[in-house]
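S.K.: Could you work out the structure for the sequence below:
(4 chains)
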Number of protein chains: 2
Amino acid sequence: MTRAAAPVIEKSPSQTLKAQLLLRDLIVQGALKPGERVSELQMVDRLGMSRTPIRAALVRLEQEDLLEALPSGGFAVKAFSERDFAEAIEIRGTLEGLAARLAAERGVRPAQLREARALLAELDTVVRRETIEIDVSLYVELNARFHALVIAMAGSTALARQIERASALPFASPSALVPVQTRSPESHHILTIAQDQHRCVIAAIERREGSRAEAIMREHARIAHRNLERAFADQRDLALVPGAALIRRAEV
Amino acid sequence: MTRAAAPVIEKSPSQTLKAQLLLRDLIVQGALKPGERVSELQMVDRLGMSRTPIRAALVRLEQEDLLEALPSGGFAVKAFSERDFAEAIEIRGTLEGLAARLAAERGVRPAQLREARALLAELDTVVRRETIEIDVSLYVELNARFHALVIAMAGSTALARQIERASALPFASPSALVPVQTRSPESHHILTIAQDQHRCVIAAIERREGSRAEAIMREHARIAHRNLERAFADQRDLALVPGAALIRRAEV
DNA sequence: TTTCCAATGTCTGTATACAGTCCCTGACCA
DNA sequence: TGGTCAGGGACTGTATACAGACATTGGAAA
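M.R.: Model prediction:
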């Protein structure tokens, strides 16, 4: 419910933004079920603000693919299948592959390469740790920064924006399925592989090997795909998948 | 104003949709210049409707990347460079390549293959014509249908939607640069090549050759890239590019 | 009992009023 | 003459009223 007290620098979170965050939570957490219509007036009662910002938030959430517009007007919570989850990851992987290739072909600034090497070193300290339990939240954060850096290296705002859209769904972001992975007996094994891919992508970019950078980045995304399959095979793992509440339940 | 006198399928185009179409035209045609702020109240005067639908239309046009949100609120017309144009085409080509690969790997229904063959035959009659002037508008329509069919063959609504977004910019759609191409002395030559790529993509999909289908589809998009370079080299050709008005003018 | 029609309630689309904020301008002071 | 502060204008964000559309439900007739 109540999030951490805002250490936000933003002056005043607009009502529209508040509505967007609150509604997104309601949907992702499953308080609003897939297929269910989201009435503006009901949300007025529920969120305690007027229709205008709620309406704006609904439009934005439709852009995020969390809602779908009904033909008769209004919106309903979108329902997803395992296939939808997999396709979202595949799309993200393809676009990130393009980003890696562009970065390699166009070349990147030395400062970015230094930043990449520093990130890789940090990730090493997390992954190579001999303790059984790794620091998941730290890995997630570093992993997110790595992906953001590769995208920045491509130097294309259009591509960055497109990837942002593809990663908007809660289960599609690069780090979404890492928590699932940690429950696997091969968890440490997989992390080692992922980190090697990180290294190889940067090496390929540095050497201007565009095709290789692209291929590795794509394959990197398929780790998420494997984690997804594991999650769908085991109900306990599925609970760790963000947005699992969005899955269309078996027909009653 | 004009009520439902027309036997149109659509009951009544909503004010929001009208505003979206009108504003898009104003932007693409250059009536609103790149970088210029788009004030809601000015558009109220200009379009003759209230702020609410105009506001909704502005949000949607920001979605289409034709507008950008200003930090202080409101929107401004986005300014593009030649590089932005090229990147948009590259992104579309990459995603269409993914669509072709998925279609090949997953297999397509026989009905879709028949439809594809019929389309290819129709395109042949346009391209193989010996007359110097080909029917550009017919080619554009058939070409658009071909691309839509490949996307449909992939069977992924998420991917379809992502491609739709990538093609939303007026210069990024598959047929946007065909008119430029027709002014080239090699026009017929290029059309022959493009049509052969169409055939090869379908053949690859039919044979489940995913990697090949993807590569050809990507290369196919690069024809648009070549046309773009030609357009930027010759001012007269540039006038044929949809959305040329969006290009950031040289700093004065 | 079933079917059709009508009435009612709820919903969205639209218009508009109000308030807070940002920017620009102009005047005054050093 | 230059800088700073105050005032005003314009714009967006938000709230709310109104009207048309859709669905659902209840009743009446066959």
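
S.K.: okay, the closest residue to A:V38 other than its chain neighbours: pLDDT?
M.R.: Using C-beta to C-beta, 6 or more residues apart in numbering or on different chains and skipping residues adjacent in sequence, the residue nearest A:V38 is A:F75, 5.1 Å away. Where C-beta positions appear, they are placed from N, C-alpha and C, glycine not excepted. Turning to A:F75, the model gives it a pLDDT of 96.

S.K.: now do A:R249
M.R.: A:R249 carries a pLDDT value of 66.

S.K.: which residues touch the residue nearest to A:V38?
M.R.: Shown in contact with A:F75 (C-beta atoms under 8 Å, 6 or more residues apart in numbering or on different chains): A:37-38, A:58, A:61-62, A:67-69.

S.K.: Phi first, then psi, for it.
M.R.: Main-chain torsions, A:F75, degrees, to the nearest 10: phi -140, psi 160.

S.K.: For DNA strand D, see how far away it is.
M.R.: Distance from A:F75 to DNA strand D, counting by C-beta to the nearest atom of the strand, to the nearest Å: 15 Å.

S.K.: Mind listing the residues bridging to that residue?
M.R.: A:F75 has these beta-bridge partners by DSSP bridges: A:V38, A:A69.

S.K.: What separation is there between it and A:L66?
M.R.: According to C-beta to C-beta, to the nearest Å, A:F75 stands 9 Å off from A:L66.

S.K.: what's the distance between stretch A:161-181 and the middle of its chain?
M.R.: Chain-centre distance of stretch A:161-181: 2 Å, with C-alpha atoms, centre = their mean, to the nearest Å.

S.K.: average model confidence for that stretch?
M.R.: What stretch A:161-181 shows for mean pLDDT is 95.

S.K.: First-to-last residue distance for it?
M.R.: 27 Å (C-alpha to C-alpha, to the nearest Å).

S.K.: do the same with stretch A:57-74
M.R.: Stretch A:57-74 end-to-end distance (C-alpha to C-alpha) = 12 Å.

S.K.: which residues are contacting it?
M.R.: For stretch A:57-74, contacts defined as C-beta under 8 Å, 6+ apart pick out A:16-17, A:19-20, A:23-24, A:27-28, A:37-40, A:75-78, A:165, A:168-169, A:246, B:56, B:59-60, B:63, B:158, B:161.

S.K.: do the same with stretch A:146-154
M.R.: Contacts of stretch A:146-154 from elsewhere in the structure, counted by C-beta under 8 Å, 6+ apart, are A:96, A:98-100, A:102-103, A:106, A:108, A:112, A:115-116, A:119-120, A:123, A:159-160, A:163, A:174, A:198, A:201, A:205, A:217.

S.K.: what about burial for those residues, which qualify?
M.R.: Neighbour-count burial (16 or more other C-beta atoms under 10 Å in any protein chain shown) applied to the contacts of stretch A:146-154 gives A:96, A:98-100, A:102-103, A:108, A:112, A:115-116, A:119-120, A:123, A:159-160, A:163, A:174, A:198, A:201, A:205, A:217.

S.K.: Among these, which ones are in strands?
M.R.: When the buried ones among the contacts of stretch A:146-154 are checked against strands (DSSP state E), there are no matches.

S.K.: so how far is chain B from A:L17?
M.R.: Distance of A:L17 to chain B, computed by C-beta to the nearest C-beta, to the nearest Å: 12 Å.

S.K.: by contact count, what packs against the helix or strand encompassing that residue?
M.R.: A:L17 belongs to helix A:15-28 when assigned by DSSP states H and E. Under the contact criterion of 3 or more C-beta pairs under 8 Å, 6 or more residues apart in numbering or on different chains; DSSP states H and E, helix A:15-28 touches helix A:40-47, helix A:51-63.

S.K.: Report how many residues lie close to the residue in the stretch 101-250 of chain A that DNA strand C sits nearest to.
M.R.: Distances between the stretch 101-250 of chain A and DNA strand C by C-beta to the nearest atom of the strand are smallest at A:L246, namely 19.5 Å. Using other C-beta atoms under 10 Å in any protein chain shown, A:L246 is surrounded by 25 other residues.

S.K.: Quick one: residues contacting the residue of the stretch 101-250 of chain A found nearest DNA strand D.
M.R.: Distances between the stretch 101-250 of chain A and DNA strand D by C-beta to the nearest atom of the strand are smallest at A:R161, namely 19.1 Å. Applying C-beta under 8 Å, 6+ apart to A:R161 gives the contacts B:D65.

S.K.: Give me the buried positions along the helix holding A:L17.
M.R.: Residues A:15-16, A:18-20, A:22-24, A:26-28 are the ones in helix A:15-28 that count as buried (16+ other C-beta under 10 Å).

S.K.: quick one: it to helix A:40-47, angle?
M.R.: Between helix A:15-28 and helix A:40-47, the angle comes out at 90 degrees (axes from the mean of the first three to the mean of the last three C-alpha atoms, to 10 degrees).

S.K.: now helix A:15-28, how far from the centre of its chain.
M.R.: Helix A:15-28 sits 17 Å away from the centroid of its parent chain (C-alpha atoms, centre = their mean).

S.K.: Rounded mean pLDDT for it, please.
M.R.: Rounded mean pLDDT across helix A:15-28 is 96.

S.K.: in what helix or strand does A:K33 lie?
M.R.: Under the criterion DSSP H and E, no helix or strand holds A:K33.

S.K.: For B:S12, see how far away the nearest residue to it once chain neighbours are set aside is.
M.R.: Of all residues not flanking A:K33 in the chain, A:V77 sits nearest, at 6.4 Å (C-beta to C-beta, 6+ apart). Noted for A:V77: a distance of 27 Å to B:S12, by C-beta to C-beta.

S.K.: And A:Y139, by the same measure?
M.R.: Taken as C-beta to C-beta, the span from A:Y139 to B:S12 is 54 Å.

S.K.: Counting neighbours, go ahead and name the busier of those two.
M.R.: The neighbour comparison of A:Y139 against B:S12 (other C-beta under 10 Å) goes to A:Y139, with 22 against 12.

S.K.: how about the closest residue in space to the more buried one that isn't next to it in sequence, what does it touch?
M.R.: Closest residue in space to A:Y139, ignoring its immediate chain neighbours: A:V126 at 5.0 Å, by C-beta to C-beta, 6+ apart. Applying C-beta under 8 Å, 6+ apart to A:V126 gives the contacts A:134-135, A:138-139, A:142.

S.K.: Which members of those residues are classed as buried?
M.R.: Buried members of the contacts of A:V126, counted by 16+ other C-beta under 10 Å: A:134, A:139, A:142.

S.K.: Which pLDDT does the model give the second one?
M.R.: What that stands for is A:Y139. Predicted confidence (pLDDT) for A:Y139: 94.

S.K.: Next: the last one.
M.R.: A:L142 is assigned 97 on the pLDDT scale.

S.K.: ok, it touching A:L123?
M.R.: Yes - between A:L142 and A:L123 there is a contact under C-beta atoms under 8 Å: 5.1 Å.

S.K.: send the alpha carbons of stretch A:109-127 over as CSV?
M.R.: Provided in CSV are the C-alpha atoms of stretch A:109-127 (Å, rounded to 0.1, in the frame of the first residue of the first chain):
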residue,chain,number,x,y,z
ARG,A,109,33.2,7.0,-26.2
PRO,A,110,36.1,6.0,-24.0
ALA,A,111,34.2,7.3,-20.9
GLN,A,112,31.4,4.8,-21.6
LEU,A,113,33.9,1.9,-22.0
ARG,A,114,35.4,2.8,-18.7
GLU,A,115,32.0,2.9,-17.1
ALA,A,116,31.3,-0.5,-18.6
ARG,A,117,34.5,-2.0,-17.2
ALA,A,118,33.7,-0.6,-13.8
LEU,A,119,30.2,-2.1,-13.9
LEU,A,120,31.6,-5.4,-15.0
ALA,A,121,34.0,-5.4,-12.1
GLU,A,122,31.3,-4.6,-9.6
LEU,A,123,29.1,-7.4,-11.1
ASP,A,124,32.1,-9.7,-10.7
THR,A,125,32.3,-9.1,-7.0
VAL,A,126,28.7,-10.0,-6.6
VAL,A,127,28.7,-13.1,-8.9
